[in-house]
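>>> Return atomic coordinates for the entry below.
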Amino acid sequence: MAPKGKEKPNPSASQPAIAIEDFFIALNRHIDNSEFDQAIKVTYQVLAIAPGDEDVIRCKIVALGKDDKIDEALLAINEYSRKFLNDFSLFNVNKA
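Next comes the predicted model:
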């Protein structure tokens with residue numbers, strides 16, 4: 001039998017995933033430097049990993065407001081407040 005060749009490493013597997021802490025560091029840096037457009041982009045990345053993170057949701061809404069994207073900020077407030085109210089209602093139903 002012929003010897004098997006070495007398997008080629010998967011390039012995506014060899015690159016480590018970015019830790020959520022790194023996103024928070026970047027988010028903090030962008031906010032400190034008043035780079036609100038960049039902060040908004042980071043909030044989308046974090047929310048893709050941790051959709052219900054309230055701190056990131058708040059940062060997103062504030063960054064949208066500071067970046068004069070008031071309509072988007074209001075939409076985000078509406079979206080997340082509706083989700084919060086739904087979660088809160090489910091919590092109370094399960095509590096009873």
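>>> Tell me where the protein has helices.
11-14, 20-32, 36-49, 54-66, 70-95 (DSSP state H).
>>> Quick check: pLDDT value at Arg82.
pLDDT for Arg82: 79.
>>> no, scratch that, I was asking about Asp53
With respect to pLDDT, Asp53 scores 89.
>>> For Ile70, see how far away it is.
The gap separating Asp53 from Ile70 is 23 Å, by C-beta to C-beta, to the nearest Å. No exception for glycine: its C-beta is placed from N, CA and C like everyone else's.
>>> next one: Asn86
As judged by C-beta to C-beta, Asn86 and Ile70 stand 25 Å apart.
>>> which stretches of the chain aren't confidently modelled?
For the chain, the stretches flagged by pLDDT under 70 are 1-17, 87-88, 91-92, 94-96.
>>> go again using 80 as the cut-off
Scanning the chain for pLDDT under 80 picks out the ranges 1-18, 82-96.
>>> Can I get the helices of the chain in JSON lines including mean neighbour count?
Formatted as JSON lines, these follow (neighbours: other C-beta atoms under 10 Å):
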{"stretch": "helix 11-14", "mean neighbour count": "7"}
{"stretch": "helix 20-32", "mean neighbour count": "15"}
{"stretch": "helix 36-49", "mean neighbour count": "17"}
{"stretch": "helix 54-66", "mean neighbour count": "19"}
{"stretch": "helix 70-95", "mean neighbour count": "12"}
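>>> Need the residues that contact stretch 20-30.
Here stretch 20-30 makes contact (C-beta atoms under 8 Å, 6 or more residues apart in numbering) with Glu35, Phe36, Gln38, Ala39, Val42, Thr43, Gln45, Val46, Ile49, Ala50, Val56, Cys59.
>>> Noted, bye for now.
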